[in-house]
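Colleague: My questions concern the predicted model and sequence given below.
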Amino acid sequence: MMMLGTAGLLIINPEATVSNMLDASSGAVELCISLCGIYAVWLGILEILDASGLSDKLAKLLRPVIKRLFKGVDENVHKDIAVNISANMLGLGNAATPYGISAMKKMDDGSGVATRPMIMLMVLNATSIQLLPTTTIGLRAAAGSSSPADIILPTLIATFVTCLTGIGLVLLCGKIFKRKKQNV
């Protein structure tokens with residue numbers, strides 16, 4: 001549909017179509033450049049956390065929650081999960097990705113099937129509680145918003161609800177599939 005729409009616009013009004021495409025692509029490049037600063041700062045902070053040992057302390061702080069949600073996961077995976085969750089809480093999904101991948105690799109049992117802890121990590125990444133939605137605030141600031149941080153409270157409420165719903169659904173589905181296996 002996109003190709004048909006673009007082709008139609010090129011036939012009907014080629015000058016405006018090409019002009020709008022070029023404007024949109026230059027706007028996207030400008031936005032990416034403006035976000036690089038935000039990501040550089042927060043990625044640097046995450047590296048400092050890791051190098052200083054604070055990520056280990058963060059893992060200890062989150063250990064009760066992580067142990068409860070990720071039953072049967074090795075202790076050395078907890079640090080990756082903790083940093084992943086904390087980066088997501090700061091609204092830095094891209095910064096959380098390397099730690100999430102590392103945790104997934106460590107949790108992989110080689111069967112080719114996602115385990116319950118792997119599914120839980122994916123759900124937590126998709127629905128993470130955003131204490132400080134830095135990327136969205138940065139996007140709003142780059143777009144010229146007069147008060148880019150006005151979204152903090154609504155974002156906190158919405159992400160809290162979705163995170164709890166996601167965790168509940170993973171636990172519920174886990175119980176349902178466990179019962180089905182027992183009945184078979």
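Modeller: That came through, no problem. Here the structure is a predicted model, which is why all the values come from computation and not from measurement.

Colleague: quick one: contacts for Ser147?
Modeller: For Ser147, the contact set (C-beta atoms under 8 Å, 6 or more residues apart in numbering) is empty. No exception for glycine: its C-beta is placed from N, CA and C like everyone else's.

Colleague: do that again at 10 Å, thanks
Modeller: Ile137, Arg140, Ala141 (C-beta atoms under 10 Å, 6 or more residues apart in numbering).

Colleague: For Ile85, give its distance to Ser25.
Modeller: 35 Å (C-beta to C-beta, to the nearest Å).

Colleague: And those two? Which one has more around it.
Modeller: Ile85 (24 against 10; other C-beta atoms under 10 Å).

Colleague: can you tell me the helix or strand for that one?
Modeller: helix 75-89 (DSSP states H and E).

Colleague: Quick one: list the elements packing against the helix or strand just after that helix.
Modeller: Toward the C-terminus, helix 75-89 is succeeded by helix 93-107 as the next helix or strand (DSSP H and E). Judged by 3 or more C-beta pairs under 10 Å, 6 or more residues apart in numbering; DSSP states H and E, the packing partners of helix 93-107 are helix 14-52, helix 75-89, helix 116-127, helix 134-142.

Colleague: Return the distance of helix 93-107 from the chain's centre.
Modeller: In this view, helix 93-107 has its centroid 10 Å away from the chain centroid, taken as C-alpha atoms, centre = their mean, to the nearest Å.

Colleague: Ok, stretch 81-99 next?
Modeller: 7 Å.

Colleague: Also stretch 109-123?
Modeller: For stretch 109-123, the distance to the chain centre is 17 Å (C-alpha atoms, centre = their mean).
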